[in-house]
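Engineer: here's my sequence, what's the structure:
(2 chains)
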Number of protein chains: 2
Amino acid sequence: MHTLNVDLGTRSYPIHIGTGLIDQAELIDPYLRTRKAAVVSNEVVGPLYLERLCAGLSRLGVETIPIILPDGEAHKEWQALNMIFDALLCGRCERSTTLIALGGGVVGDMGGFAAACYQRGMPFIQVPTTLLAQVDSSVGGKTAINHPQGKNMIGAFYQPRLVLADTATLDTLPEREFSAGLAEVIKYSLIRDAGFFDWLEENIDALRVLDAGALTWAIERSCRNKAEVVVADETEQGERVLLNLGHTFGHAIETGLGYGQWLHGEAVAAGTMMAAELSRSLGWIGDRDVTRIERLFERAGLPTYGPALGALRYLELMTHDKKTEAGKLRFVLLRSIGQAVVRSDVEMSDVCAAIEARCR
Amino acid sequence: MHTLNVDLGTRSYPIHIGTGLIDQAELIDPYLRTRKAAVVSNEVVGPLYLERLCAGLSRLGVETIPIILPDGEAHKEWQALNMIFDALLCGRCERSTTLIALGGGVVGDMGGFAAACYQRGMPFIQVPTTLLAQVDSSVGGKTAINHPQGKNMIGAFYQPRLVLADTATLDTLPEREFSAGLAEVIKYSLIRDAGFFDWLEENIDALRVLDAGALTWAIERSCRNKAEVVVADETEQGERVLLNLGHTFGHAIETGLGYGQWLHGEAVAAGTMMAAELSRSLGWIGDRDVTRIERLFERAGLPTYGPALGALRYLELMTHDKKTEAGKLRFVLLRSIGQAVVRSDVEMSDVCAAIEARCR
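Structural biologist: Just a heads-up that it's a prediction; the model follows:
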């Protein structure tokens, strides 16, 4: 088992990464405040892992209340969030009861936001079971639900007390979802870790066949990159915005198609290609870099073109993004592979050209 | 104008108290992050004060987006909260746009919770227009909405950047609501300020005829008491729970009757009498103290008996309260007038007797 620490003062927490951690309830035990925990999962992950997690906790004398959500990004909204609140109240959960999110990014985002709001805040633990959640959404304290007009519009910064990433849970992950997780892994390498990009070019095939050593290494390196950024800028006043490479375009794809059509990681991959096109048109990266990025996404099983919504529709959707400031769109762009920057002074004609070059 | 400071480190903020402050937009200006503000009010307060507030801000070059909620505690729930989110998105508000809550406790609680969640947190200013909001709910950062099974169950601790309490707005406040605000004023004196209780016995009639001097003095002393408690214990881990004197019983009354039947302050007054009865049965305060408290509530125009829901129903409603810990009910009780304590080891027979003595 590898352990990383996210150093946020009184809100610091460890990330444990390893195989079979879900059966080791004693790793969770020290982080519970009382002998009671609500476990939020969904109808896909629940049948696979919920009983094992709860059995371990029961052996340690912890009462567990299972809460099963419908599966998918389309349910990341008020109605499903209210299901969590109803179940917490029904189970007489107190503000000292711990909420454990067992599942992918949607379960973690909703469980975390519910924990942030229930009685104005209850303890929260992440047990991510998808690659995306293990390398990205479970770390850093961003929680949210979607609004019909914008992704992750309603939420909170709320840190977990522990993240438990069991790499064995990836065995049951559909290949398409695994690829979507790789989009965020590749993202870290692009924004701040050129050496990691080189390593990924070497090892992307090993990752796709779930080679245990490659997997643990990639997850740990991704989490370390994310943790460093979060520690420097917890509430996204500065550097943290770099983590959104490809996300402004990507959110437009997700919102424009309706949640659940494309996976988040797929939209990020296509969005990152738009950001790469835009960076090339500014003269920052060359044709060869764009080709390297495109080739890596392709080998990861990811799309490199967005859907043809029309450039105007993209712009409209993007102006609703949270990263807008003073009415200006801000873009995370690439100075080089391994170095991202934020710019808000980009010409709209260049933006449109980048979108058009990467839609089909 | 009097100014108090709530000293919470990087989240510190001033409370301005005075007459006509609503027309002095220059008091708000330094606390805005951009030249745009959303002003949340309701259909009763909006027509009275919204235009004046917005006009002042417009003169300073601030674009304002008015958001009008339906009136009343019955609307303190998801649906009305979503109206705020819809309007913020529709008005293209960003995470740097400031949300100003103009109204009573419900507007402040909902506006504050919306500000806490919108894009994971936008700047927030309170302009309370009821006595209750000026002395209590606008100060301290508690925001929430109700759940059918419990009051204020879903919320956040989220501090405003400024509280602007214009005492002139109390001229338009219905007498019943003014009395409800006095319940919280009296509460501060009971839990930690015996001298204030004596002063209130002397000045309650002056307050009820809106004597400007008495009013400013009572609001400032109430806010100072509240601010001291909040600074010592922002997230209610300890002392802050004392502010809930009468609230466990009171929330049971509000939830049991359905939100909006009794005003919050009315329920708190009757609930405080139950807490006083319970304190007397434990031998802490005497008959004379109970009579003094009852007399002061009566002179303030407040009920001193709760509705006859039956003791069992009260207990059932109270076990859903946020102040429950490890399955035990915690009660804020009176050692004396001016000194409250928390106890969780009270016999249920005594609790039932206190409820029954104060229902009719």
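Engineer: when you work out contacts or count neighbours from here on, use the C-alpha atoms and nothing else.
Structural biologist: Fine.
Engineer: so what does A:Leu282 look like in phi/psi?
Structural biologist: A:Leu282 adopts backbone torsions of phi -90, psi 0, taken as degrees, to the nearest 10.
Engineer: quick check: buried residues in the host helix or strand of A:Arg224?
Structural biologist: Here A:Arg224, judged by DSSP states H and E, is contained in helix A:212-232. Neighbour-count burial for helix A:212-232, counted by 16 or more other C-alpha atoms under 10 Å in any protein chain shown, picks out A:214-216, A:218-231.
Engineer: following the helix or strand containing A:Val106, which helix or strand shows up next?
Structural biologist: A:Val106 is part of helix A:105-117, with elements assigned from DSSP H and E. Counting by DSSP H and E, the next helix or strand C-terminal to helix A:105-117 is strand A:124-128.
Engineer: any residue of that next one up close to chain B?
Structural biologist: No. Contact of strand A:124-128 with chain B (C-alpha under 8 Å from any C-alpha of the partner chain) is absent, the minimum separation being 14.8 Å.
Engineer: what angle do that strand and helix A:105-117 make?
Structural biologist: Between the axes of strand A:124-128 and helix A:105-117, defined by axes from the mean of the first three to the mean of the last three C-alpha atoms, to 10 degrees, the angle is 180 degrees.
Engineer: sorry, back to before: for the helix holding A:Arg224, name the packing helices and strands.
Structural biologist: For helix A:212-232, the elements it packs on are strand A:2-6, strand A:13-18, helix A:175-192, helix A:194-208, judged by 3 or more C-alpha pairs under 8 Å, 6 or more residues apart in numbering or on different chains; DSSP states H and E.
Engineer: in the stretch 201-350 of chain A, where is pLDDT below threshold?
Structural biologist: Within the stretch 201-350 of chain A, the segments meeting pLDDT under 70 span A:323-327.
Engineer: how about the strands in it?
Structural biologist: A:331-336, A:339-343 (DSSP state E, counting those that start in this stretch).
Engineer: what is the last one packed up against?
Structural biologist: To tie it back to what came earlier, the one meant is strand A:339-343. Using 3+ C-alpha pairs under 8 Å, 6+ apart, strand A:339-343 is in contact with helix A:175-192, strand A:331-336.
Engineer: before we move on, back to that, would you reformat the strands of the stretch 201-350 of chain A as TSV and include mean neighbour count?
Structural biologist: TSV is the format used below for the strands of the stretch 201-350 of chain A (neighbours: other C-alpha atoms under 10 Å in any protein chain shown):
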stretch	mean neighbour count
strand A:331-336	24
strand A:339-343	17
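Engineer: relative to B:Gly61, which of the ones you listed is closest?
Structural biologist: Minimum separation from B:Gly61 across the strands of the stretch 201-350 of chain A (C-alpha to C-alpha) falls at strand A:339-343, 26.9 Å.
Engineer: can you check what angle separates the closest one from helix A:194-208?
Structural biologist: Going by the same axes, to 10 degrees, strand A:339-343 makes 110 degrees with helix A:194-208.
Engineer: contacts for strand A:339-343, please.
Structural biologist: The contact list for strand A:339-343 (C-alpha atoms under 8 Å, 6 or more residues apart in numbering or on different chains) reads A:190-194, A:241-242, A:245, A:330-335.
Engineer: with those residues in mind, which one is nearest to chain B?
Structural biologist: A:Arg330 (12.5 Å; C-alpha to the nearest C-alpha).
Engineer: isn't that closest one right up against A:Ser344?
Structural biologist: Yes. Counting by C-alpha atoms under 8 Å, A:Arg330 touches A:Ser344, with 4.3 Å between them.
Engineer: neighbour count: these two, which is higher?
Structural biologist: Set side by side, A:Arg330 and A:Ser344 show more neighbours around A:Arg330, with 21 against 12, by other C-alpha atoms under 10 Å in any protein chain shown.
Engineer: tell me how far that one lies from B:Leu278.
Structural biologist: Distance, A:Arg330 to B:Leu278, by C-alpha to C-alpha, to the nearest Å: 60 Å.
Engineer: just the pLDDT at the residue lying closest to A:Ala115 once chain neighbours are set aside, thanks.
Structural biologist: Spatial nearest neighbour of A:Ala115, chain neighbours left out: A:Met122 (5.2 Å); criterion: C-alpha to C-alpha, 6 or more residues apart in numbering or on different chains. Looking at A:Met122, its pLDDT reads 98.
Engineer: next one: the one 5 residues further on
Structural biologist: The predicted structure scores A:Val127 at 98 on the pLDDT scale.
Engineer: these two touch, right, it and A:Thr167?
Structural biologist: No. Taking contacts as C-alpha under 8 Å, A:Val127 lies outside contact range of A:Thr167: 10.7 Å.
Engineer: does A:Arg358 touch A:Met274 like I think?
Structural biologist: Yes. Assessed by C-alpha under 8 Å, A:Arg358 is found in contact with A:Met274 at 5.9 Å.
Engineer: more neighbours: these two, which one.
Structural biologist: A:Met274 (30 against 21).
Engineer: save the strands of the stretch 201-350 of chain A as JSON lines, and put in distance to B:Met318 too.
Structural biologist: Formatted as JSON lines, these follow (distance: least, C-alpha to C-alpha, whole Å):
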{"stretch": "strand A:331-336", "distance to B:Met318": "51"}
{"stretch": "strand A:339-343", "distance to B:Met318": "51"}
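Engineer: most centrally placed residue in chain A?
Structural biologist: Centroid-nearest residue in chain A: A:Ser137, 3.0 Å away (criterion: C-alpha atoms, centre = their mean).
Engineer: show me what contacts that residue?
Structural biologist: Counting by C-alpha under 8 Å, 6+ apart, A:Ser137 has contacts A:Gly105, A:Gly108, A:Asp109.
Engineer: around chain B, pick out the residues from chain A.
Structural biologist: Counting by C-alpha under 8 Å from any C-alpha, the residues of chain A near chain B are A:34, A:89, A:92, A:94-96, A:116-121, A:144, A:149, A:152-157, A:320, A:322, A:324-326.
Engineer: buried subset of those?
Structural biologist: Members of the residues of chain A next to chain B classed as buried by 16+ other C-alpha under 10 Å are A:34, A:89, A:92, A:94-96, A:116-121, A:144, A:149, A:152-157, A:320, A:322, A:324-325.
Engineer: hang on, A:Leu53 in a helix?
Structural biologist: Yes. The assignment for A:Leu53 by DSSP: H, G, I helix; E, B strand; the rest coil puts it in a helix.
Engineer: my guess is it contacts A:Leu27, does it?
Structural biologist: No. Taking contacts as C-alpha under 8 Å, A:Leu53 lies outside contact range of A:Leu27: 11.3 Å.
Engineer: so between the two, which is more surrounded?
Structural biologist: A:Leu53 (21 against 13).
Engineer: now the more buried one: how far from A:Asp23?
Structural biologist: Taken as C-alpha to C-alpha, the span from A:Leu53 to A:Asp23 is 6 Å.
Engineer: contacting residues for A:Ile84?
Structural biologist: With C-alpha under 8 Å, 6+ apart, A:Ile84 has these contacts: A:Val40, A:Ile67, A:Leu69, A:Gly111, A:Ala114.
Engineer: which one of those residues is nearest to B:Ala252?
Structural biologist: The nearest one, if we look at the contacts of A:Ile84 relative to B:Ala252 and count by C-alpha to C-alpha, is A:Ala114, at 23.5 Å.
Engineer: touching, that closest one and A:Leu81? I think so.
Structural biologist: Yes. Taking contacts as C-alpha under 8 Å, A:Ala114 lies within contact range of A:Leu81: 6.6 Å.
Engineer: and these two? which has more neighbours close in?
Structural biologist: Using other C-alpha under 10 Å, the more surrounded residue of A:Ala114 and A:Leu81 is A:Ala114, with 30 against 17.
Engineer: pLDDT score assigned to the more buried one?
Structural biologist: pLDDT at A:Ala114 comes out at 98.
Engineer: repeat for the one 5 residues further on
Structural biologist: According to the model's per-residue confidence, A:Gln119 sits at a pLDDT of 96.
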